[in-house]
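Undergrad: build the 3D model from these lines:
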Amino acid sequence: SQDGVVYALNLESGCAHWTYEAGAEVRNGPSIVDVPGRSAPLLVFGDFEARVHAISTATGEPVWLTNVATHPDATITGSVKIAGGTVYVPISSSEWATAADPGYACCTFRGGVAALNVADGALKWRSHVIPEVPADTGEVNAAGARRFGPSGAPVWNSPSIDLERGLLYVGTGEAYTSPASESSDAVIAMRLADGQIVWRK
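TA: All right, here's what the predicted structure looks like:
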């Protein structure tokens, strides 16, 4: 729900078996996965503060919690995907809203994907879809705020997994500053093993 409550409902009656308070809006679909050594599958999802939650499907009790943010405005809007013991997390942002302030130095976010161990939430790798770190362009806006780039290319959607090729595919959103990066408004393929970008179109 928008207030961060996750509900497990009885299919016949709609009554809640349990609820879990994530602490931030959850706007993506959860994924369910069996983990060796656990009596019940895990329910895994992201929240609007770029945290990934894994909870017991039986009780709603938390198992692990991992923050994948590298930017203050990072968020998770797309559903995570799970394959081969790894949780693949799309990372988007709300910096476009922060940048509505004329005094804000825009922009420094760059979309990405994080890969976590499904058993304990440990980070395996993190890959930015814009490889370059945003730099000061030397330009300022009408309010005198500095301009940074390249930036943007948030990953709003859920990744697709190609086990045969060992690749992960994501779509990216708009550039936040001009000129646009080749990674914005693009489809990008990454290696499942390490997040290395293989191609972008």
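
Undergrad: against which helices or strands is the longest strand anywhere in the chain packed?
TA: Longest strand in the chain, counting residues (DSSP state E): strand 86-93. Judged by 3 or more C-beta pairs under 8 Å, 6 or more residues apart in numbering; DSSP states H and E, strand 86-93 is in contact with strand 51-56, strand 74-75, strand 81-83, strand 112-117. Every residue, glycine included, has its C-beta placed from N, CA and C.

Undergrad: please save the CA atoms from it in CSV.
TA: Output of strand 86-93 as CSV, limited to C-alpha atoms (Å, rounded to 0.1, in the frame of the first residue of the first chain):
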residue,chain,number,x,y,z
THR,A,86,20.1,-13.7,-6.6
VAL,A,87,17.6,-10.8,-6.3
TYR,A,88,18.0,-8.2,-9.1
VAL,A,89,16.7,-4.8,-8.0
PRO,A,90,15.9,-1.9,-10.4
ILE,A,91,16.8,1.5,-9.1
SER,A,92,14.9,4.7,-10.1
SER,A,93,14.7,8.1,-8.4
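
Undergrad: got the contact list for that strand?
TA: The contact list for strand 86-93 (C-beta atoms under 8 Å, 6 or more residues apart in numbering) reads 31, 44, 46, 50, 52, 54, 68-69, 71, 73-78, 80-82, 109, 111-118, 121, 124, 154-159, 161, 168, 170, 173, 192.

Undergrad: for the residue most central in space within the chain, give the beta-bridge partners.
TA: Taking C-alpha atoms, centre = their mean as the criterion, residue 91 is the residue nearest the geometric centre of the chain, at 2.6 Å. Taking DSSP bridges as the rule, residue 91 bridges to residue 112.

Undergrad: quick check: angle from the longest strand of the chain to strand 112-117?
TA: 150 degrees (axes from the mean of the first three to the mean of the last three C-alpha atoms, to 10 degrees).

Undergrad: run the chain-centre distance for strand 86-93.
TA: How far strand 86-93 lies from its chain's middle: 3 Å, per C-alpha atoms, centre = their mean, to the nearest Å.

Undergrad: of the contacts of strand 86-93, buried ones?
TA: In these, burial by neighbour count holds for 31, 44, 46, 50, 52, 54, 68-69, 71, 73-78, 80-82, 109, 111-116, 118, 121, 124, 154-159, 161, 168, 170, 173, 192, counting by 16 or more other C-beta atoms under 10 Å.

Undergrad: quick revisit: which one of the helices and strands packed on strand 86-93 lies closest to residue 181?
TA: With C-beta to C-beta as the measure, strand 112-117 is the member of the helices and strands packed on strand 86-93 nearest residue 181 (12.7 Å).
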